Structures are given as C-alpha cells and as structure tokens.
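In: Give me the fold of what follows.
(one chain, ligands or ions: 1)
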Amino acid sequence: MAANALGRHLALAGFMGARKTTLGRDAARLLGRPFVDLDAAIQQHSGSTIAELFERGEGAFREIEERVAGEVLASPVPAVIALGGGAVLSEATRALLRERALTVLLDVDVDTAWGRVGGSRRPLADDRESFGRLYAERKPVYEEVADARTTETEGIVLAAGGVRVETGSLQRLGELVPGDGPVEVVSDARVAGIHGMDAQLALGARARATHELAPGEQAKTVESIEALW
Ligand code: S3P
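Out: Have a look, this model is predicted:
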C-alpha cells in the first residue's frame, strides 16, 4: 500500500459524480503537477465520445479504457489522474495502480452522486435503480484500491504528502504507518493525554516511545526538533 504520492502518480478513484475531474484539476494545480482526465484521454485516443464507444458495447469501451489507463500510468512524470468510475474494475489497471500510484478514493453517497449526474448523458447514469445497483457492486472494489480517502481537494493534497485526515485513522494507525518496524509517536502533550492510549493500542507491539511536546506555538522551534533528534 502506497504511503504517499512522492515520485508516483496520484490517481483519483470513485463513483460517477464523486467530482474526480473537478477536484483532480484543483489538486494538480496546487501540487504543480500535470492533470490527466482518463475519459478525456480515451476520447482523444479513439476519436469518439464515451457515449459512442458505449454504443459499440461496454466490453469494447473497457478494453480501450484499460489500454489508455496503462499508457497514462506508464508515464514517468508524476501526474494527478482522474480515473473513470469503472476503470478500477480491470485487474491489470488495479495492479498498475498498486505499482505506480497513490490511489485516493473520493467518497460520495449514492443520492448525492445521482443528484449530480443522474439522467445525464453518461451511459450508466440514466436509470436510478441500476445506478444504485452499480454503486453497491462497485463499493468493495473502491475500498480495495483505496490507499487514502477524502471528499475534498485539501484531503487529496495532504494524502499526496503522506498526511492522512480520515475518520477512523487513529484506530488504523498500525496499518497506515508504512513497514513493520518500531514506531515513535510525537505529539502535543494535551493531544497525547486524550488520544495517546488509542495510538498505542493501534500500534500494538510496534509502539516504542511517545515524545510529548508543549502544546501550542511554543513547541514549534528548531530546538524542539533538535531535542527529538
Ligand atoms: C463510467 C464512468 C464514467 C465513464 C463511463 C463509465 C463508469 O466516468 O468512464 O461513462 O463505469 O462508472 P466518470 O466516473 O468520470 O463519470
């Protein structure tokens, strides 16, 4: 599981209407990276719209999608890539994402997603019932590919740098901290009083020490860093 997007692509996964393109473009600008929208790349590559490709059959569309995803992920320049909602159904694409990207899942609930794209010209967003079924089917696949998850641009940018802002992260600290070696926790003394025990519990045998710093601005000094070193 990738811990950050340093030297890797940052791929955005999620259902239709999760705002992968909008937030991806914003995050790319803030990170100073090129932005690639997979659906746009597919259309450019094939000279057809997504709807036209679907008219030839979903299988044909998925083949082109997998091929273009492979090309985009093979690029050596780390980019922000907005994947199409179904791109992660391909095992080959999932393997490339594990190898070459940090994959951030953009969470969206099904009603919000339908409110944004329902009845639109997207091929799989014309009927509420099948849209709901597809959402339920896809959920476990999205969970599987997600290295991090968020709903906001800020969350994407922080995840790129290895900072996780997610409900439940404290309880998952053991799996979120890369590797399997010992871990030392650095914390504001007040926060350590409230959450230190949960952090220790989540890290289990990996927890080696907790270093407490004075709360507030007074601890944000080179001397504090020196003391930690
Ligand atoms: C699809 C999502 C679409 C597009 C195509 C299929 C899907 O992209 O790739 O219509 O299977 O979920 P967005 O998720 O950007 O809408």
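In: now the helix or strand where Leu158 lies, how far from the centre of its chain.
Out: In the assignment (DSSP states H and E), Leu158 maps to helix 153-160. Counting by CA atoms, centre = their mean, to the nearest Å, helix 153-160 is centred 9 Å from the centre of its parent chain.
In: contact partners of that helix?
Out: Outside of helix 153-160, the residues within contact range by CB atoms under 8 Å, 6 or more residues apart in numbering are 4-6, 10, 12, 23-24, 26-27, 30-31, 80, 102, 104, 147-150, 164-166. All C-beta spots, glycine's among them, are computed from the backbone N, C-alpha and C.
In: can you check stretch 221-229 too?
Out: Val186, His211, Leu213.
In: List buried members of these by neighbour count.
Out: Neighbour counting over the contacts of stretch 221-229 (16 or more other CB atoms under 10 Å) leaves Leu213 as the buried ones.
In: And the contacts of stretch 221-229, which is closest to the ligand?
Out: Val186 (39.0 Å; CB to the nearest ligand atom).
In: Assign a three-state SS to that closest one, would you?
Out: At Val186 the chain is in strand, as set by DSSP: H, G, I helix; E, B strand; the rest coil.
In: Tell me which helix or strand the residue lying closest to it once chain neighbours are set aside sits in.
Out: Leaving aside its chain neighbours, Val186 sits nearest to His211 (5.0 Å; criterion: CB to CB, 6 or more residues apart in numbering). Assigned by DSSP H and E, His211 belongs to strand 207-213.
In: Give me the buried positions along that strand.
Out: Buried residues in strand 207-213, counted by 16+ other CB under 10 Å: Ala207, Thr210, Glu212, Leu213.
In: quick one: contacts for the residue lying closest to the third one once chain neighbours are set aside?
Out: What sits nearest to Glu212 in space, not counting adjacent residues and going by CB to CB, 6+ apart, is Ala189, at 4.1 Å. When contacts are counted by CB under 8 Å, 6+ apart, Ala189 is found next to Glu212, Leu213, Ala214, Pro215.
In: swap in Ala219?
Out: Ala219 touches Asp188, Leu213, counting by CB under 8 Å, 6+ apart.
In: Then Gly179?
Out: Under the criterion of CB under 8 Å, 6+ apart, Gly179 has no neighbours.
In: Dump the buried residues of strand 207-213 into JSON lines; add pLDDT and distance to the ligand as well.
Out: Converted to JSON lines, the buried residues of strand 207-213 look like this (pLDDT from 0 to 100; distance: CB to the nearest ligand atom, whole Å):
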{"residue": "Ala207", "pLDDT": "96", "distance to the ligand": "40"}
{"residue": "Thr210", "pLDDT": "93", "distance to the ligand": "43"}
{"residue": "Glu212", "pLDDT": "95", "distance to the ligand": "45"}
{"residue": "Leu213", "pLDDT": "95", "distance to the ligand": "43"}
